[in-house]
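# sequence below, structure please.
(chains A and B)
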Amino acid sequence: MAHIQLKNISKTFGNHTALTGLNLDIADGEFFVLLGETGAGKTTTLRMIAGLEKPSEGQVFIDGVDVANWGAAERDVALVLQQYSLYPRYTVRENLEFPLKPKIRRLPDAEIKDRVDRAARTLRIEHLLDRKTDRLSGGEMQRVSIGRAIVRKPRVFLMDEPLSALDAKLREALRTELKNLQMQLGATFLFVTHDQIEAMSMGDKVGVLNHGRIVQTGTPYEIYNNPRDTYVASFVGSPPMNLIDGKLVDGRAVMAPLNFELPFAGGAKTGAATDGRPLVFGIRPEDVYLETGAPVEARIHDVENHGVEKILTLRVGDAMLRATVPARTDVEIEQPVRFAWNPDKVVLFDKGSGISLRHAG
Amino acid sequence: MATAVMTTLDPNSRSAARGMSDLTIRNLFIIPTIIFLIVFNIFPLLYSLGYSFTDFRASSPAPASFVGLQNYRELLNDPFIWSNFAITAKYVIVSVVGQVIVGFGVALLLNRDIPLKGLLTTLLLLPMMLSMAVVGLFWKLLYDPSFGIINYTLGLGSFEWLSNPDMALYAVAITDIWMWSPFVMLLSLAGLSAVPKHLYEAAAIDRAGSFYTFFRITLPLVAPILMIAIIFRTMEAFKTFDLAYILTSQPTTEVISIRLYKMAFQEWQTGRSCALAYIVLIMILAITNIYVKYLNKVKER
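Numbering: from 1, shown residues only, chains lettered A, B, ... in the order given. Presented below is the predicted three-dimensional model:
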């Protein structure tokens, strides 16, 4: 179990800058999710903590010790990769035993057997122990590779998109299992993903990475409800937050090119939201609702039925707005409707920098 | 249906304009090869099988008479032939083991990011591309007791490599190792670079030492391709003629093919030498079969 700190990390590969000035603080026993698009630098961050990559600048601390000169073995981390990395030609049992068998750290046979059996039971792969790894399905392989990590009782678990190669059902199942496992072991987890649903559902804390910079860290609740900037707002959430250009006039939100007005209540540091300042209004689709007699008229552009709910695309002028409504709402395409939003939930972003007015002045 | 698996001819091509069908073109390519094989391989093979049951001598006009299995019986009871086989076996083991150790070792050294890797690899492959006879003649000079560079560099005085009956076979094997290690190296290098990098990373994370990683990951993954190299080299070493013949003429270096050559073209016992050739062929087939069985087992694991 360990506490991990990254201080001012930068990493360049030739001319390409992968990470700039990265600061991260992962508490002991925390499930930390690093969320970002492909190429944002998530894997590089992970590999640097594992000791497979050296930072160009900055320091990595594990339990307060600078580990710059430690190899992967000394750091005592476990890494689960997207491509499983099982050792070919060995059975599942041999794969699980692998990290316990090197001569230097060789454990007694009884202990090895005990640990392998326990890991297999936790991951429900007991029936596969004598099977060769190439006869396993993707989900089974990923369990084995997680098993190989847990037999060792490492200080930190690093997981690099371990679920993204699996099909949807399995992904959901393993998501829950991983979260349970982490709570059971009480271990520090750093989980990398590009899937915001994984991040929201598993993380104690989420760090959003964009182009090699940490944009925001916080609990999933904070990230979702109070995004630091328009990038986080549009990346997290499915469908993403609606972002509309506009300005404030007398405490009302006036959409600049679209010419509609909605009431607005707070949601910024006092004094920051001055009249006439160019802004971006952010509103989650679930906070947009249809109502007869609501202030704005729109047309239904598209309807996506998701079973429990419908996601409507509303057209106002030539702007599109998403709204999540109960499935029983009866609408047709091109039908005119009236909508409003929950004025308490509106987030204001500065038009120029894209930064939320709740976070910066 | 042979035609079913073939792709159809592009209707606009020149061949199509000349009115050739897919089948014609296929035959055009295959028939010369088949004729060549029949004339130069299969026919002599069968013809010599016939001779191996006769007392035919190519040097005398006397007609061949059928002697049944007498040639085979006599050869297999001949202690001198068996000593030739023993020499050959010793030679094969020394030379193949040497080639695998040197070739695989060099491949391990080359399997990393080093400057001029491509050039280095190409240069190391050169010995393999020389002709056997040339290599033999060169090494004869290198081994020369009075002015050879080997004795000079190793400070061995006038140590006799080739005329010393105990040393001569090893001298031939060393030359063969020099010449054919690059072959093993090339195949090993292909095998080594096919080992996924993430496996090494996983092993490093799993805190495996370099020996442990080598024996548990590298070697099992390279084993099949290394086996192929060993099969090829064993077959070749078993048939060695030129190197041994050119370098030395000690009785201790009389490998089976030299014996065969002498029997056929110095003693003119054509029928009997055909029988010996068949015995050698069957032995090589048997050894190769054992290897191939083992190879399949290695692959399955």
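# would you mind measuring from the residue nearest to residue A:117 when sequence neighbours are not counted to residue A:175?
Spatial nearest neighbour of residue A:117, excluding adjacent residues (CB to CB, 6 or more residues apart in numbering or on different chains): residue A:126 at 7.4 Å. All C-beta spots, glycine's among them, are computed from the backbone N, C-alpha and C. Distance, residue A:126 to residue A:175, using CB to CB, to the nearest Å: 21 Å.
# the more surrounded of those two?
Remark: of residue A:126 and residue A:175, residue A:175 carries more neighbours, 19 against 13, as counted by other CB atoms under 10 Å in any protein chain shown.
# my guess is the more buried one is in a strand, correct?
No - counting by DSSP: H, G, I helix; E, B strand; the rest coil, residue A:175 is not found in a strand; it is helix.
# give me the pLDDT value at it.
Listed pLDDT for residue A:175 reads 87.
# again with residue B:83
94.
# residues contacting the strand or helix carrying residue B:135, please?
For residue B:135, the host element (DSSP states H and E) is helix B:132-143. Residues from elsewhere that reach helix B:132-143, judged by CB atoms under 8 Å, 6 or more residues apart in numbering or on different chains: B:127, B:148-151, B:161-162, B:171, B:175, B:178-179, B:242-243, B:245-247.
# change it to 10 Å
B:127-128, B:130-131, B:147-153, B:159-163, B:167-168, B:171-172, B:174-176, B:178-179, B:240-248 (CB atoms under 10 Å, 6 or more residues apart in numbering or on different chains).
# that older thread, mind checking how far the residue nearest to residue A:117 is from residue A:162?
20 Å.
# what about chain B, any weak spots by pLDDT?
Along chain B, segments meeting pLDDT under 70 span B:1-9, B:11, B:15-17, B:301.
# domain assignment for it?
B:10-51, B:70-300 (automatic domain parsing).
# any chance of the ones you listed in CSV, plus mean neighbour count?
CSV is the format used below for the domains of chain B (neighbours: other CB atoms under 10 Å in any protein chain shown):
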stretch, mean neighbour count
domain B:10-51, 11
domain B:70-300, 17
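# which one of these lies nearest to residue A:116?
Closest to residue A:116 of the domains of chain B, according to CB to CB: domain B:70-300, at 13.6 Å.
# so how far is the helix holding residue B:135 from its chain's centroid?
Its chain's C-alpha centre and that of helix B:132-143 lie 19 Å apart, by CA atoms, centre = their mean, to the nearest Å.
# same thing with stretch A:154-168?
12 Å.
# tell me if that stretch is near chain B.
Yes - looking at stretch A:154-168 against chain B by CB under 10 Å from any CB of the partner chain, the contacts come from A:154, A:158.
# can you give me the neighbour number for residue A:321?
Residue A:321: 21 neighbours (other CB under 10 Å).
# pretty sure it is touching residue A:302, no?
No - taking CB atoms under 10 Å as the definition, residue A:321 is not a contact partner of residue A:302, at 11.2 Å.
# who touches both of the two?
A:312, A:313, A:314, A:315.
# by contact count, what packs against the helix or strand bottoming out on mean pLDDT in chain A?
The weakest-scoring helix or strand in chain A, judged by mean pLDDT, DSSP states H and E, is strand A:260-263 (a mean of 74). Here strand A:260-263 touches strand A:242-249, strand A:252-255, strand A:296-305, strand A:336-341, going by 3 or more CB pairs under 10 Å, 6 or more residues apart in numbering or on different chains; DSSP states H and E.
# run the angle between the helix or strand that the third one is followed by and strand A:296-305 for me.
The C-terminal neighbour of strand A:296-305 among helices and strands, as given by DSSP H and E, is strand A:309-316. For strand A:309-316 and strand A:296-305, the angle between their directions (axes from the mean of the first three to the mean of the last three CA atoms, to 10 degrees) works out to 140 degrees.
# run through the residues that contact the closest residue to chain B within the stretch 151-300 of chain A.
At 7.2 Å from chain B, residue A:152 is the closest residue in the stretch 151-300 of chain A, using CB to the nearest CB. The contact partners of residue A:152, by CB under 10 Å, 6+ apart, come to A:76-78, A:96, A:98-100, A:105, A:115, A:119, B:205-207.
# which of these count as buried?
Buried members of these, scored by 16 or more other CB atoms under 10 Å in any protein chain shown, are A:76, A:77, A:78, A:96, A:98, A:99, A:100, A:115, A:119, B:205, B:206, B:207.
# now the first one: how far from residue A:53?
Noted for residue A:76: a distance of 17 Å to residue A:53, by CB to CB.
# alongside chain A, which residues does chain B contribute?
Close to chain A, as judged by CB under 10 Å from any CB, chain B has residues B:195-209, B:211-213, B:216-217, B:220-221, B:223, B:298-301.
# closest to residue B:261 out of the helices and strands packed on strand A:260-263?
strand A:296-305 (83.6 Å).
# in the closest one, what counts as buried?
Across strand A:296-305, burial judged by 16+ other CB under 10 Å covers A:296, A:298, A:300.
# export the residues you listed to a markdown table and tack on distance to chain B and pLDDT?
Putting those into a markdown table (distance: CB to the nearest CB, whole Å; pLDDT from 0 to 100) gives the following:
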| residue | distance to chain B | pLDDT |
| --- | --- | --- |
| A:296 | 53 | 85 |
| A:298 | 50 | 88 |
| A:300 | 49 | 90 |
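# thank you, goodbye.
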